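>>> I would like to see how this sequence folds:
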Amino acid sequence: MSSPLHLESIQLAYDTPRGLHTVVDDFSLSLAAGDIACLFGPSGCGKTTVLRAIAGFEPLRAGTIRLDEVVLSSARSHLPPEQRRVGMMFQEYALFPHLSAAKNVAFGLRRLDRAAQQARVAEMLALVGLADAGERYPHELSGGQQQRIALARALAPSPALLLLDEPFSNLDGATRERLTAEVRGILKQAGQTAILVTHNEAEAHAMADRIGVMHNGRITHWLATAT
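Sure thing, here's the model as predicted:
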């Protein structure tokens, strides 16, 4: 199996009045196609900053990020986020309240003609188990259903990599446990390569194939899961 994502000794740091503040240092990661990895650790350990760097929202001070052998970021180059083939799902699902579920899913498909858009939207709604919910609006959906629509929207443009930043944090415990398993199943069915960020240990083990435990901007060790 190919390894589409490589982070090689990346550094992320900010200038402050007191000097350079390093958030992530000498961080490396390789992720095989179709695998789900998790960056696990407490708030402030740098895990979301790594995700933002992969998405193109944070420049690198050092190191290289490659996806499918294309350099996304280095100390000298920076590919814009919209050119990276990277999808992202945030804590807040950020669904457009004035658009139906189907139109939310179609939002990233504007380059396709109408028939192709409709076919892809139908495929994605079926994938997340909401084939009959296309005409409903976000306020008419439960939190779990909103999350699945947000996932369908993220998957619709066929990203090479999907990033999930604490996507279950706004849900109650029972819903979180159920949807963690459901989302993993959806990603595996789609063959989607993904990275999850969380500070919830049970969520990390239920969702990921392997877990990178982070502390002070570095991965201290990797854990395999029984998933």
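>>> next, the buried residues of the lowest-mean-pLDDT helix or strand in the chain.
Lowest by mean pLDDT, DSSP states H and E among the helices and strands of the chain is helix 173-190, with a mean of 87. Residues of helix 173-190 classed as buried under the neighbour-count rule (16 or more other Cβ atoms under 10 Å) are 176, 179-180, 182-184, 186-187, 190. Every C-beta, even on glycine, is put in place using the N, C-alpha and C of the backbone.
>>> now it, how far from the chain's geometric center?
Once both centres are worked out by Cα atoms, centre = their mean, to the nearest Å, helix 173-190 turns out to sit 14 Å from its chain's centre.
>>> name the helices or strands packed onto the very next helix or strand once past it?
From helix 173-190 onward toward the C-terminus, using DSSP states H and E, the following helix or strand is strand 194-198. Where contact means 3 or more Cβ pairs under 8 Å, 6 or more residues apart in numbering; DSSP states H and E, strand 194-198 is packed against strand 36-40, helix 47-55, strand 161-165, helix 201-207.
>>> one step back: list just the nearest of the buried residues of helix 173-190 to Ala150.
Val183 (10.3 Å; Cβ to Cβ).
>>> correct me, but that closest one touches Glu203?
No - in this structure, Val183 is not within contact of Glu203 by Cβ atoms under 8 Å, at 10.1 Å.
>>> state the distance from Met207 to Phe168.
Here the criterion is Cβ to Cβ, to the nearest Å. By it, Met207 lies 9 Å from Phe168.
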